[in-house]
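Enquirer: based on what follows, work out the 3D shape:
(one chain, ligands or ions: 1)
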Amino acid sequence: MASSTSNPQQPPVAIVCVGMAGSGKTTFMQRINAHLYQSHQQSPSTTAPPYVMNLDPAVRSVPFESNIDIRDSVNYKEVMKQYNLGPNGGILTSLNLFSTKIDQVMGILEKRCLPSKQPATEAKAPPSPTHILLDTPGQIEVFVWSASGTILLSSLASSFPTVIAYIIDTPRTTASTSTFMSNMLYAISILYKTRLPMILVFNKTDVKDESEAVEWMRDFESFQAALREEEAAMEERGGGGGGYMSSLLNSMSLVLEEFYNALSVVGVSSMTGDGVEGFFEAVEEKRQEFEREYQPELERKRKGMEGMKAEMREREVRRMMGDMGVSSKAKGTGKYAAKGGKLEEEAETVSDVEEMEAEEAASGLVDPDEEMAEEEDVEFEDGLKARYESALREQGGPAATLKSAEYIRRTQG
Ligand SMILES: Nc1nc2c(ncn2[C@@H]2O[C@H](COP(=O)(O)OP(=O)(O)OP(=O)(O)O)[C@@H](O)[C@H]2O)c(=O)[nH]1
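Expert: Alright, predicted model coming up:
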């Protein structure tokens, strides 16, 4: 049990449970929650219970108590009614509404979960949680591929080591090589989308253990042998060979080797509790990996984004000043404005101004009135530019009106 109660002085690790509908996410959450509560009961002075968040707005009831529940802030049924949406649109909009409160959520999480930095002289503070558990909607794509899912995950990862637990229904997934491959490809897409360490949790091992799946992952020859067996069985039934599908699966089993190496794999039965210890050992491993590899990468990205933001601000100011340069030179209202008794072409765009200036310079003629007016323009524009720049800086850039968008920019590429 020691592995699940890691050092309470370090920030808790956030475990985000994702998986296809029916894979057993909620049952798994209940199991690991119960396991952590048990550790807490065994040594209440050193271990705190986990901090639990439910992000599934459509779930009717959860078999565990949540500290933060999306259903407390968003009424999924009302959202569907008000915005005239179907079930998936309702979940997506509820998540979007919830993510607008991400600042408050992160504030609560940091206050409740980060170890307090009290001086040694003061009374010992109660232990802080070692784990934050998050349950997500069964419609996996709604969470992983939405902007709100990205906001939630990137905010979480900017404050806590964050690990994705991808729950797999073992009996269903190992029923055929193509189902297995589809599930692995889905896991890959989540890994690359979230860019967070991932643990593959082969659930329901009380029905079928994970050994076959693990063998398929570790040894592509055994996967190809299973594929050949399936083809032979299909041919026997008169269904023909695997055709392009089997050669595709064959090649993919070779390509995926690199991906499998990046993952931790565990077998768990959420029903009996078998394998939960192994899961927490994998979490500890992934936490170290997060600190070693992912955090520096996040930091680098954050710094890069700050630099980009400053550059963007500078570009905005320059573009704006360019536009104003046109309008200050373009006096008059028509395409042609009268000057000195003759009609003179007026600039309408930046390139017009540049062309006209080039013509003037080539002719060597400079109007003294215009020269003075130009000096005034420069002074006026410099003052204006300084005011705009300071306004933009105060606002944090013209595009930074939404705090939530700020979060994405700060943490994601
Ligand atoms: N035998 C067995 N059944 C399990 C296990 N874990 C979950 N189940 C069953 O699988 C079904 C789905 O479990 P849930 O926990 O509701 O799955 P979910 O992924 O949360 O489902 P959604 O909320 O629809 O996304 C339930 O009938 C569970 O009892 C397990 O380890 N072993």
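
Enquirer: so which residue of the stretch 101-250 of the chain comes closest to the ligand?
Expert: Per Cβ to the nearest ligand atom, G138 is where the stretch 101-250 of the chain lies closest to the ligand, at 2.4 Å. The C-beta positions use only the backbone N, C-alpha and C, and glycine is treated the same way.

Enquirer: where does the stretch 101-250 of the chain have low pLDDT?
Expert: In the predicted model of the stretch 101-250 of the chain, residues 117-125, 238-243 satisfy pLDDT under 70.

Enquirer: ranges for the strands of it?
Expert: 131-135, 162-169, 198-203 (DSSP state E, counting those that start in this stretch).

Enquirer: the last one near the ligand at all?
Expert: This means strand 198-203. Yes: Strand 198-203 is in contact with the ligand by Cβ under 6 Å from any ligand atom, via N203.

Enquirer: how far does that strand sit from its chain's centre?
Expert: Relative to its chain's centre, strand 198-203 lies at 19 Å (Cα atoms, centre = their mean, to the nearest Å).

Enquirer: ditto for the longest one
Expert: With Cα atoms, centre = their mean as the basis, strand 162-169 stands 15 Å off its chain's centre.

Enquirer: before we move on, back to that, next one: phi and psi at the residue of the stretch 101-250 of the chain closest to the ligand?
Expert: phi -60, psi -30 (degrees, to the nearest 10).

Enquirer: next one: the residue lying closest to P161 once chain neighbours are set aside from the ligand, what distance?
Expert: Of all residues not flanking P161 in the chain, F290 sits nearest, at 4.2 Å (Cβ to Cβ, 6 or more residues apart in numbering). Here the criterion is Cβ to the nearest ligand atom, to the nearest Å. By it, F290 lies 24 Å from the ligand.

Enquirer: can I get the strands of the stretch 101-250 of the chain in JSON lines including distance to F223?
Expert: Output for these, formatted as JSON lines (distance: least, Cβ to Cβ, whole Å):
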{"stretch": "strand 131-135", "distance to F223": "31"}
{"stretch": "strand 162-169", "distance to F223": "16"}
{"stretch": "strand 198-203", "distance to F223": "15"}
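
Enquirer: could you find the closest non-adjacent residue to the residue of the stretch 101-250 of the chain closest to the ligand?
Expert: Nearest to G138 is A21, by Cβ to Cβ, 6+ apart, at 3.5 Å.

Enquirer: what sits against that neighbour?
Expert: G138, Q139, I140 (Cβ atoms under 8 Å, 6 or more residues apart in numbering).

Enquirer: ok so it is a strand residue?
Expert: No: going by DSSP: H, G, I helix; E, B strand; the rest coil, the assignment for A21 is coil, not a strand.

Enquirer: and the pLDDT for it?
Expert: In this model, A21 is scored at 86, pLDDT.

Enquirer: try K25
Expert: 91.

Enquirer: likewise for D382?
Expert: 67.

Enquirer: cool, V378 as well?
Expert: pLDDT for V378: 63.

Enquirer: also S4?
Expert: S4 is assigned a predicted lDDT (pLDDT) of 52.

Enquirer: then N67?
Expert: On the pLDDT scale, N67 gets 94.

Enquirer: let me see the contact set for it.
Expert: Each residue near N67 by Cβ under 8 Å, 6+ apart is listed here: Y51, V52, M53, R112.

Enquirer: which residues does the first one contact?
Expert: Listed by Cβ under 8 Å, 6+ apart, the contact set of Y51 reads P12, N67, I68, L109, R112, C113, P129, H131, I132, L133.
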